[in-house]
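Visitor: I would like the atomic coordinates for the input below:
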Amino acid sequence: MTTVSIDANITIKWPQGHSSYSPGSPEELAIIGIDLLVKELGTQAAHTFITQVLERYPADYMGADTE
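Guide: Now for the predicted structure:
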């Protein structure tokens, strides 16, 4: 599996304040994205959206090729 690093600074502005994130990996970026999706859409709508994304890949997909 390939190693991917991310250099990003994400600032989210909410009516209640703001949040800042600096993900360093695809996994951290995904967790931030899913957290924001749930906060914005609610659990069921976020689940539906994520299911639609995962349907694009076979159940046994192992990730990007390293070749």
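Visitor: confidence score at the residue positioned nearest the centre of the chain?
Guide: Centroid-nearest residue in the chain, with C-alpha atoms, centre = their mean: residue 30, separated by 2.1 Å. pLDDT for residue 30: 93.
Visitor: Kindly list the main-chain dihedrals of it?
Guide: Phi and psi for residue 30, reported as degrees, to the nearest 10, are phi -60, psi -40.
Visitor: Equivalent analysis for residue 21, please.
Guide: Per degrees, to the nearest 10, the backbone of residue 21 is at phi -140, psi 150.
Visitor: Residue 24 versus the residue nearest to the centre of the chain, what's the distance?
Guide: Going from residue 30 to residue 24 by C-beta to C-beta, to the nearest Å gives 12 Å. Bear in mind the C-beta positions are built from the backbone N, C-alpha and C, glycine included.
Visitor: cool, and residue 56?
Guide: Counting by C-beta to C-beta, the separation of residue 56 from residue 24 is 25 Å.
Visitor: Looking at the two, which has the bigger crowd around it?
Guide: Neighbours per residue, other C-beta atoms under 10 Å: of residue 56 and residue 24, the larger number sits with residue 24, 12 against 7.
Visitor: doesn't the more buried one fall inside a helix?
Guide: No: counting by DSSP: H, G, I helix; E, B strand; the rest coil, residue 24 is located in no helix; its state is coil.
Visitor: ok, it touching residue 5?
Guide: Yes: with contact defined as C-beta atoms under 8 Å, residue 24 counts as touching residue 5 (6.1 Å).
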